[in-house]
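Novice: quick one, fold the following:
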Amino acid sequence: MKEKKYNISVEATLEVIGGKWKCVILCHLTHGRKRTSELKRLMPDITQKMLTQQLRELEADGVIRRMIYQEVPPRVEYELSEYGESLRGILDALCAWGEQHICKVYGSYDVLDENVLNEHLKS
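Specialist: Numbering: from 1, shown residues only. Prediction:
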């Protein structure tokens with residue numbers, strides 16, 4: 001294993017889940033397995049290249065599992081690994097803070113897209 005030094009432990013966390021898309025991917029996977037095309041549909045602003053890259057990095061870090069089904073055409077699904085499940089509390093806290101921030105800044109949740117992650121915010 002490569003010798004690495006961190007200034008504080010949150011750097012190690014951010015190394016795994018940092019960036020614009022990784023937490024979004026992980027939040028979607030907290031609601032169950034998803035195919036690449038489902039994730040792309042849920043995150044229309046991410047490029048296919050970036051989605052693939054982020055999924056590979058999360059898989060390499062052991063946070064998600066990739067399942068390949070021997071079908072024609074092959075079907076690939078992603079889910080949180082047991083290790084990834086340990087991030088659920090962090091992800092929930094990030095979502096809760098984001099909801100408070102949106103409410104404070106915008107006064108309503110109208111700026112949020114309609115998807116399964118936001119259903120509990122409907123009036």
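Novice: can you report phi and psi for T36?
Specialist: phi -60, psi -40 (degrees, to the nearest 10).
Novice: what packs against the helix ranked longest in the chain?
Specialist: In the chain, taking DSSP state H as the definition, the longest helix is helix 88-106. For helix 88-106, the elements it packs on are helix 22-29, judged by 3 or more Cβ pairs under 8 Å, 6 or more residues apart in numbering; DSSP states H and E. From N, CA and C alone the C-beta is placed, and that goes for glycine too.
Novice: run the angle between the helix it packs on and helix 88-106 for me.
Specialist: 110 degrees (axes from the mean of the first three to the mean of the last three Cα atoms, to 10 degrees).
Novice: now for helix 22-29, which elements pack on it?
Specialist: helix 10-17, helix 36-42, helix 48-60, strand 64-69, strand 75-80, helix 88-106.
Novice: what is the orientation angle of the longest helix of the chain with helix 10-17?
Specialist: Using the same axes, to 10 degrees: helix 88-106 against helix 10-17 is 90 degrees.
Novice: show me what counts as buried in helix 88-106.
Specialist: 91, 94-95, 102 (16 or more other Cβ atoms under 10 Å).
Novice: mind putting the residues you listed in TSV, pLDDT included?
Specialist: Formatted as TSV, the buried residues of helix 88-106 follow (pLDDT from 0 to 100):
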residue	pLDDT
L91	95
L94	93
C95	91
I102	92
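Novice: farthest pair in those residues?
Specialist: L91 and I102 (16.4 Å; Cβ to Cβ).
Novice: V16 and D61 touch, don't they?
Specialist: Yes: V16 sits in contact with D61 when judged by Cβ atoms under 8 Å, with a separation of 4.9 Å.
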